[in-house]
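Participant: All I have is the shape, not the residue letters:
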DNA sequence: TATTGTTATACTCTATAACTATA
DNA sequence: TATAGTTATAGAGTATAACAATA
């Protein structure tokens, strides 16, 4: 039995290839979500590149600035970065003098992390670039749908989590 | 100068870590987009797993079914999969008897791809699982915002492309 | 015994260069 | 010469196991 296509539900046409029919794919959320994420990340990665920051570097800097003295494990939990992978990221940031590791007094196993003045300066520039990026995204979506989009994405992000 | 937070714009709270302040991150689209994409893909991957299909396998099957006789290069363009990577995917699908490669008569360099009856059967089951997945996503978002979400994602996906 | 940071390692995805056979 | 498929390989990003220091 051939699956019928409810043509009315299709959003504005998305041509990915050279006239190739991508089947029901152009009516599936996951497909759009992936394309949107790739496009948005491409723009954001380019915006942060002049500062030598990858997305993970940037998000880690943001969290450290917002939580002075935080230990690595907590950052990993907040950003869903595995502890071993975080070590490499912090190594890079520390080598560049953007972040400082110091042994925590209360628990000498952990490292208290702080952003340095140099790090704060870089982060401020990166934040401006991010704001410009966000403005571009916002313009692409259209002002009316903006709040609805963020709300919808937030609900999707909570999919697997405990339903409050 | 400290950046001010326009608290009114924040969508419903998203707690990622154990009470860690994630800074301005919870007001950036990219962050939500990533979390949403990860959550949605996790659900979809789980839905397709019983059929032994990864996301790429599934999307390739869909395109082949919609375009009998298509060559590999065209699939790659439509799905943005590099030709070398597609070879491995098709290898797997062909080994399982879900897809058949035959030398194209018109151009003997290329391979005409067709879905087999076995492949069509698997795809039909996978489509049902995908539909159930989509229903879950839709329920999480809420019916009112659904069309707006797809529309917004489609616009974002066209970010870097030529503005029509 | 459990936890923090670390090292080493592996697995998935994606990307590039170069080969072959056809055109 | 250009293209389709292929091979090999390399690079991100992410994941797990095990160890030393500390609790």
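Facilitator: Now that the structure is in, tell me what you want to look at. Nothing here was measured: the structure is a model prediction, and the numbers come from that model.
Participant: in chain A, which spans are strands?
Facilitator: Under the criterion DSSP state E, strands of chain A are mapped to A:99-103, A:111-115.
Participant: How about the contacts made by the most centrally placed residue in chain A?
Facilitator: For chain A, residue A:55 is the residue whose C-alpha lies nearest the centre (CA atoms, centre = their mean; 6.5 Å). Residue A:55 is in contact with A:41, A:44-45, A:48, B:30, counting by CB atoms under 8 Å, 6 or more residues apart in numbering or on different chains. Every residue, glycine included, has its C-beta placed from N, CA and C.
Participant: Surely residue A:60 and residue A:92 touch.
Facilitator: No. When contacts are counted by CB atoms under 8 Å, residue A:60 is not listed as touching residue A:92 (9.7 Å).
Participant: These two: which has the busier surroundings?
Facilitator: residue A:60 (27 against 17; other CB atoms under 10 Å in any protein chain shown).
Participant: so what's the more buried one closest to, chain neighbours aside?
Facilitator: residue A:89 (5.7 Å; CB to CB, 6 or more residues apart in numbering or on different chains).
Participant: I'd like to know how far the one you found sits from residue B:116.
Facilitator: 46 Å (CB to CB, to the nearest Å).
Participant: Which elements pack onto the lowest-mean-pLDDT helix or strand in chain A?
Facilitator: Here the helix or strand of chain A ranked lowest by mean pLDDT, DSSP states H and E is helix A:146-157, holding a mean of 90. In terms of contacts (3 or more CB pairs under 8 Å, 6 or more residues apart in numbering or on different chains; DSSP states H and E), helix A:146-157 is packed against helix B:29-48, helix B:117-141, helix B:143-157.
Participant: Name the surrounding residues that touch that helix.
Facilitator: Contacts of helix A:146-157 (CB under 8 Å, 6+ apart): A:33, A:138, A:141, B:9, B:11-12, B:14, B:29, B:32-33, B:35-36, B:38-40, B:137, B:140-142, B:145, B:148-149, B:152.
Participant: at 7 Å what do you get?
Facilitator: With contact meaning CB atoms under 7 Å, 6 or more residues apart in numbering or on different chains, helix A:146-157 is reached by A:138, A:141, B:11-12, B:14, B:29, B:32-33, B:35-36, B:39-40, B:137, B:140-141, B:145, B:148-149, B:152.
Participant: next one: stretch A:121-135
Facilitator: Stretch A:121-135 is contacted from outside by A:43-44, A:47-48, A:51, A:53, A:58, A:61, A:65, A:98, A:115, B:3, B:28-29, using CB under 7 Å, 6+ apart.
Participant: In that stretch, which residues are buried?
Facilitator: A:122-123, A:126-127, A:129-130, A:133-134 (16 or more other CB atoms under 10 Å in any protein chain shown).
Participant: just for chain A, where's the confidence low?
Facilitator: Applying pLDDT under 70 to chain A picks out residues A:1-18, A:161-164.
Participant: what does it put close to DNA strand C?
Facilitator: Residues of chain A lying near DNA strand C by CB under 7 Å from any atom of the strand: A:71-73, A:83-84, A:87, A:90-91, A:101, A:107, A:109-111.
Participant: Which two among those residues are spaced furthest apart?
Facilitator: Between any two of the residues of chain A next to DNA strand C, the greatest separation by CB to CB is 20.8 Å, found for A:91 and A:107.
Participant: Can you tell me how far the closest residue to residue A:35 other than its chain neighbours is from residue A:20?
Facilitator: Spatial nearest neighbour of residue A:35, excluding adjacent residues (CB to CB, 6+ apart): residue B:157 at 3.6 Å. As for residue B:157, its distance to residue A:20 is 16 Å (criterion: CB to CB).
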